[in-house]
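Colleague: just the structure for this:
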Amino acid sequence: MKFFSKLLVALCFLPVAVSAANAPSQQKVIREVVIHADAAKVWAVVKDFGAIHQWHPAVASTTTETKTDEAGTMLLHRTLTLKGGGTLLEKQTINADEEMKLEYRIVEGVLPVSGYRSTMVVKAGPNAGESTVTWTGRFYNKANKVDAPVGEDNATAVKSIEEVYDAGLPNLKKMIEVK
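Modeller: The predicted structure follows:
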């Protein structure tokens with residue numbers, strides 16, 4: 001009888017284990033840069049959700065509007081027009097001065113990712129008069145599948161986000177340190 005009870009319990013969890021094995025894995029990219037400027041000065045640039053085109057070399061222009069998202073919440077949205085063509089629509093979910101933390105999600109766009117959410121955090125740097133900016137992205141591949149086709153797979157998704165961060169953070173540093 002004990003054997004059958006254990007077997008029944010195991011069978012109850014089998015569908016969960018099988019479905020979890022077929023789910024795509026979340027990907028993560030983290031990049032940091034130390035900027036020779038006070039954290040408040042750096043935060044003033046990072047928190048301006050509508051001004052990413054001023055420091056990111058891939059963004060030609062940014063427009064913003066406050067609108068209701070799919071959950072019925074009024075949030076600031078930005079449309080990024082990219083220099084290489086295409087657009088991204090993103091919504092800001094957190095902009096916290098106390099934590100110096102900006103969080104946003106991609107609603108739609110040309111990047112080969114799905115379920116993308118990102119945070120940018122500014123903290124005091126390793127030395128006086130320095131700041132550290134950490135940019136973290138969590139996302140799934142574009143197909144949102146384990147067996148995604150080439151171009152919509154994990155490697156493509158990770159590479160695209162790495163390229164965005166690796167182009168943006170050095171330019172953010174350069175722009176702020178020149179001021």
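
Colleague: ok, residue 115 to residue 138 distance?
Modeller: Residue 115 sits 8 Å away from residue 138 when distances are taken as C-beta to C-beta, to the nearest Å. Bear in mind the C-beta positions are built from the backbone N, C-alpha and C, glycine included.

Colleague: you'd agree residue 99 is up against residue 120?
Modeller: No. Look at residue 99 against residue 120 with C-beta atoms under 8 Å: they stay out of range, at 11.0 Å.

Colleague: the strands in the chain, which residues?
Modeller: Using DSSP state E, the strands assigned to the chain run over residues 27-35, 59-68, 74-82, 87-96, 101-109, 113-124, 131-141.

Colleague: between residue 99 and residue 120, which is the more surrounded one?
Modeller: Counted by other C-beta atoms under 10 Å, residue 99 and residue 120 do not tie: residue 120 has more neighbours, with 22 against 14.

Colleague: residues touching that one, list them.
Modeller: Taking C-beta atoms under 8 Å, 6 or more residues apart in numbering, we find residue 120 in contact with 46, 101-103, 133-136.

Colleague: try 10 Å
Modeller: Residue 120 sits next to 43, 46-47, 52, 100-104, 133-137, 165, 168-169, 172 when contact means C-beta atoms under 10 Å, 6 or more residues apart in numbering.

Colleague: what does residue 49 give?
Modeller: Counting by C-beta under 10 Å, 6+ apart, residue 49 makes contact with 62, 64, 76-78, 90-92, 95, 102, 104.

Colleague: in PyMOL, select just the buried ones from those residues.
Modeller: Buried residues among the contacts of residue 49 (16 or more other C-beta atoms under 10 Å), as a PyMOL selection:
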select buried, resi 62+76+77+78+90+91+92+95+102+104
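
Colleague: can you list residues touching both of residue 99 and residue 120?
Modeller: Shared between the contact lists of residue 99 and residue 120 (criterion: C-beta under 10 Å, 6+ apart) are residues residue 43.

Colleague: center of this protein, which residue is that?
Modeller: For the chain, residue 118 is the residue whose C-alpha lies nearest the centre (C-alpha atoms, centre = their mean; 2.4 Å).

Colleague: touching, that residue and residue 103? I think so.
Modeller: Yes. Assessed by C-beta atoms under 10 Å, residue 118 is found in contact with residue 103 at 6.9 Å.

Colleague: identify the contacts common to the two.
Modeller: Any residue near both residue 118 and residue 103 by C-beta under 10 Å, 6+ apart counts here, and that gives 93, 136.

Colleague: wait, what's in contact with the nearest residue to residue 117 once chain neighbours are set aside?
Modeller: Using C-beta to C-beta, 6 or more residues apart in numbering and skipping residues adjacent in sequence, the residue nearest residue 117 is residue 105, 4.6 Å away. By C-beta under 10 Å, 6+ apart, residue 105 lies in contact with 69, 75, 89-93, 115-118, 138-139.
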